[in-house]
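In: kindly generate the corresponding structure for this input.
(chains A and B)
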Protein chains: 2
Amino acid sequence: MRGDGLAGGEGGAERLAELIPAALRGMAAGVAERGGPVPAGGPAAVAAALVAERGEFEPAAAVPNGVPVPASAGGHRAPPASASPAAPVGGRAAEAAPVVSGALPRAGVGAEAALEELSRLLAAGSADPADPACAAHLHCPPLAVAVAADVVASALNPSMDSWDQAPVASELEREFTAGIARLCYPRAEAPDAVVTTGGTESNLLGLLLARERDPRVQPVCGANAHHSVARAAWLLGLPAPVVVPCEGDRMLPGALARVLAPGSVVVATAGTTNTGTLDPLPEIAAVCRRAGARLHVDAAYGGTALCSDTLRPKLAGLELADSVALDLHKFGWQPVAAGLFAARDAADLAALTVRAEYLNADDDTEAGLPDLLGRSIRTSRRPDAFRMAVTVRALGTDGLGALVERCCATATEVAGRVEDHPGLRLWGAPELSTVVLRPVVADETGDDELVARVRRALLEAGTAVIGRAALPTGPGGAPQLWLKLTLLHPHTTAEDYLPLLDRIAATAGAELVADRESPVAS
Amino acid sequence: MRGDGLAGGEGGAERLAELIPAALRGMAAGVAERGGPVPAGGPAAVAAALVAERGEFEPAAAVPNGVPVPASAGGHRAPPASASPAAPVGGRAAEAAPVVSGALPRAGVGAEAALEELSRLLAAGSADPADPACAAHLHCPPLAVAVAADVVASALNPSMDSWDQAPVASELEREFTAGIARLCYPRAEAPDAVVTTGGTESNLLGLLLARERDPRVQPVCGANAHHSVARAAWLLGLPAPVVVPCEGDRMLPGALARVLAPGSVVVATAGTTNTGTLDPLPEIAAVCRRAGARLHVDAAYGGTALCSDTLRPKLAGLELADSVALDLHKFGWQPVAAGLFAARDAADLAALTVRAEYLNADDDTEAGLPDLLGRSIRTSRRPDAFRMAVTVRALGTDGLGALVERCCATATEVAGRVEDHPGLRLWGAPELSTVVLRPVVADETGDDELVARVRRALLEAGTAVIGRAALPTGPGGAPQLWLKLTLLHPHTTAEDYLPLLDRIAATAGAELVADRESPVAS
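Out: Below is the predicted model:
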């Protein structure tokens, strides 16, 4: 196939059935080639492998001007202008400039070849969260059902900015977001929810809605809040957030009460990025109500625990927030992105209203065409709700809740093993699925840099991808570096992580020895 | 399959090979069921069909509490709290609230069933841009190769916010964006580009980078600019844009010169949404340079014409802009989203720098781990560059350029047929692939509402999806409503659109007759 066949229309499904196997062949080959959670060798090796690959599959014949292209792999900038052999001297650049880059060849190789080559390359060079040893971040292994659903969404390409680009897709989204709104706000009169690109955009919406009610709003968040809160304030032209102290990675409601004013918007967290801890939502909501402050809860991590009868009590108080961020690309096992933003009062979302004559003219809206533009700060956007809806349809909320429960139970068990481990120290009992730990040799030497080096050593060896968290556990509350396992793999047991715990402890020991043997200890 | 199998890891490719056929079966069935570019009947019929479908595939057995669920399809809000049969009276809602919604059932039906059902539903109810009669918007029919590539990206789920979530994906993105930067800026010293969710985010970045150099920046744009420019100014807390008059949907450089000040940032357009017209970039760039104003070009529509030797001259002057927006989900035939933002000087992108200890700690960056967080205003994000890179690898930039040429040539030819058509009037010769026309009966009666009704009638009949554009062609420059065909189908010829032209003229005639026969003419 030349590569210009369409995914939609009458022959679309057949064309996809022809091409997808090439992509999957490449992917399977790449996964086998990698043989571990992440390619070994670190950034330099990965960049070098890409350069080597380019040399192999970028013959001069593919470049019509016949001049071999210097590989730009790993370069952080465009190739220098001098690499452009046919650059005109003095002519109008836009007219004659050739397209030269390893990634932008003038001649193509056809669809199957491109798919198989690049899919293999991507798989071989990925950090695959489907490997239990890839446990650094809130980075989930997606469910096959969600990925399969996405194929149809991509092929038909509904664009969610007007009804005539997304007739039933917009209805399905409405239905799904209505369900999410009701999940977050079981007893509110008129809750609503919209789809976002993730917690970062949802947190921005939380602040934006507050700003639209009061242009002089002051953001307030815990020291445990995600960096996107401060970033949203910056983007929106608001003052930097007032930061409230935490204890045990949990916002202190008393401290919050002292900084609040009627023009405040508070961002609380239900599942912090560092430790998975949940802020005391009922107390925070009470403080906000007394102060006349708005409350947004970043439940990007913990929100889907609402699907579990046993975990739901952890989120008590969530329904008191004015708005909530959820990410189904965390617990929810969707490929990125699957963000949601729920508002207790649908009327608050009117802040997003915008008119564009070509998309939602008044007379079209009056004639019954739904206005979709006010449901996002984006214009064109994918129907990400489709694969979320298919997933929930396949598993049910009970099925999703069971997967969340399993991750949390595994984390609790792994934490127990950390406590029993002679070489490791546990930060605290997991509230969700994050296990925070520290090699005891780092405590003995007081060496935080050693902790950072353990993480990088495992990453470079290609044996494990683990996370890091700076927490105020040092002398006088100084930041101290911890290691972090964020368990989002729904099919593992604690046994799967025991070799990793041993490896962390052993690597810490080895790094310590290396330190002592090195003439210049770091 | 129960539905909780993973897409990645060792058995991932096999699981996908099992499930994707179910999705494609459903899609093919839905496409056949629809039988036209869009489902007939308009919003009410589509919503009703979804309700009917729910009744069919949502048996009481799927709801553990045994109470049938009222379909919420088409409802624009969450179902009322009273629909929740087990809502506790006085209890803590978060503990006991049941999950009730057609889209969020507690029990699942398994992966195959969910995929086949909902894929059929989506396909049957989609406006499919792979049908030539679906030609309203900058809404392209995606290439099968791009959709197939996306499967692998979804399955491996690299998240582009840190290297240890996206080792080779981040290298591939760097390489691809470097190529795009060089495409836009063939002779700049250090251009760079980043991936965005589309023109809306790219235009926001254009203003944001300007704001970070001068907090009191004043946005300026043509009357022809996309609504996202004003929206970005609002979001960023900047003053509303000063709007420069246009002639023929093209910004007037003389008028621009009169409003510019050193603190201005100008947004010009290379391919307007209404008519596909390109602003006179060299003249605008000269005016900006003289005034010391920054220039951002929204080339979301026209940018990919850079891949065509014959079309590239239309974009002369683009390389004089400080930044450029491109969308490969328009010309580029990617599923949404495939936005790009190029900056002439990579240093400008430093405005996006942000530190988050868990993602890009200083010591990790010093140790050689690339910092990805500063390459977006999002945090988690899909590797959309992957499918763009696979597509360009498959077709080459020449192949892509040829598809752009074909759409533009078809548009020119269709415009000729409009000129020759007794029932239609042409707005002007297409510069890209947009044909703007008006039924002559609307001119005769001076009735704009009739034009709007023609579009809605075709949409409701399910026979065509065409666009609308308000242009200042009325008496004294008053806005007048036009119809619009945006031709993004790369495999059609002018012949494919002739029945549509006839239908537009005939529908206008029929609407006119209906008007005259109606007791209350609208």
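
In: what number of residues lie near residue A:451?
Out: 24 (other CB atoms under 10 Å in any protein chain shown). Using the backbone N, CA and C atoms, a C-beta is placed for each residue, glycine as well.

In: try residue A:486
Out: 31.

In: ditto for residue A:260
Out: Counted by other CB under 10 Å, the residues lying close to residue A:260 total 19.

In: from residue B:198, how far off is the closest residue to it other than its chain neighbours?
Out: Leaving aside its chain neighbours, residue A:260 sits nearest to residue A:291 (3.7 Å; criterion: CB to CB, 6 or more residues apart in numbering or on different chains). Counting by CB to CB, to the nearest Å, the gap from residue A:291 to residue B:198 is 39 Å.

In: in the stretch 201-350 of chain A, what residue comes closest to chain B?
Out: residue A:237 (2.5 Å; CB to the nearest CB).

In: quick check, that residue in a helix?
Out: No. Counting by DSSP: H, G, I helix; E, B strand; the rest coil, residue A:237 is not found in a helix; it is coil.

In: what does the pLDDT read for it?
Out: pLDDT, residue A:237: 98.

In: what's the closest non-adjacent residue to it?
Out: residue B:237 (2.5 Å).

In: stretch A:151-164 vs chain B: in contact?
Out: Yes. Stretch A:151-164 lies within reach of chain B by CB under 8 Å from any CB of the partner chain, at A:151, A:152, A:153, A:154, A:155, A:156, A:157, A:158, A:159, A:162, A:163, A:164.

In: possible to save the residues you listed as CSV with pLDDT, neighbour count and secondary structure?
Out: Shown next, in CSV, are these (pLDDT from 0 to 100; neighbours: other CB atoms under 10 Å in any protein chain shown; DSSP: H, G, I helix; E, B strand; the rest coil):
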residue, pLDDT, neighbour count, secondary structure
A:151, 98, 28, helix
A:152, 98, 34, helix
A:153, 98, 26, helix
A:154, 98, 29, helix
A:155, 98, 34, helix
A:156, 98, 32, helix
A:157, 98, 32, coil
A:158, 98, 29, coil
A:159, 97, 28, coil
A:162, 97, 27, coil
A:163, 97, 26, helix
A:164, 97, 28, helix
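
In: so which strand or helix has residue A:208?
Out: Per DSSP states H and E, residue A:208 falls inside helix A:199-213.

In: which elements pack onto that helix?
Out: Under the contact criterion of 3 or more CB pairs under 8 Å, 6 or more residues apart in numbering or on different chains; DSSP states H and E, helix A:199-213 touches strand A:192-196, helix A:227-235, strand A:264-269, strand A:294-298, strand A:323-327, strand A:339-343.

In: list the buried ones in the third one?
Out: What that stands for is strand A:264-269. A:264, A:265, A:266, A:267, A:268, A:269 (16 or more other CB atoms under 10 Å in any protein chain shown).

In: can you read off the pLDDT for the third one?
Out: Predicted confidence (pLDDT) for residue A:266: 98.

In: alpha carbons only: can I get the helix or strand in which residue A:503 is found in CSV?
Out: Residue A:503 belongs to helix A:498-517 when elements are defined using DSSP H and E. This file holds the C-alpha atoms of helix A:498-517, laid out as CSV (Å, rounded to 0.1, in the frame of the first residue of the first chain):
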residue,chain,number,x,y,z
LEU,A,498,10.2,-8.5,45.7
PRO,A,499,13.1,-8.8,43.3
LEU,A,500,12.9,-5.1,42.7
LEU,A,501,13.1,-4.3,46.4
ASP,A,502,16.2,-6.4,46.7
ARG,A,503,17.7,-4.8,43.7
ILE,A,504,17.1,-1.3,45.1
ALA,A,505,18.8,-2.2,48.3
ALA,A,506,21.7,-3.9,46.5
THR,A,507,22.1,-1.0,44.1
ALA,A,508,22.2,1.4,47.0
GLY,A,509,24.9,-0.7,48.6
ALA,A,510,26.9,-0.8,45.3
GLU,A,511,26.6,2.9,44.9
LEU,A,512,27.9,3.4,48.4
VAL,A,513,30.9,1.2,47.7
ALA,A,514,31.5,3.0,44.5
ASP,A,515,31.4,6.3,46.4
ARG,A,516,33.9,5.2,48.9
GLU,A,517,36.3,3.8,46.3
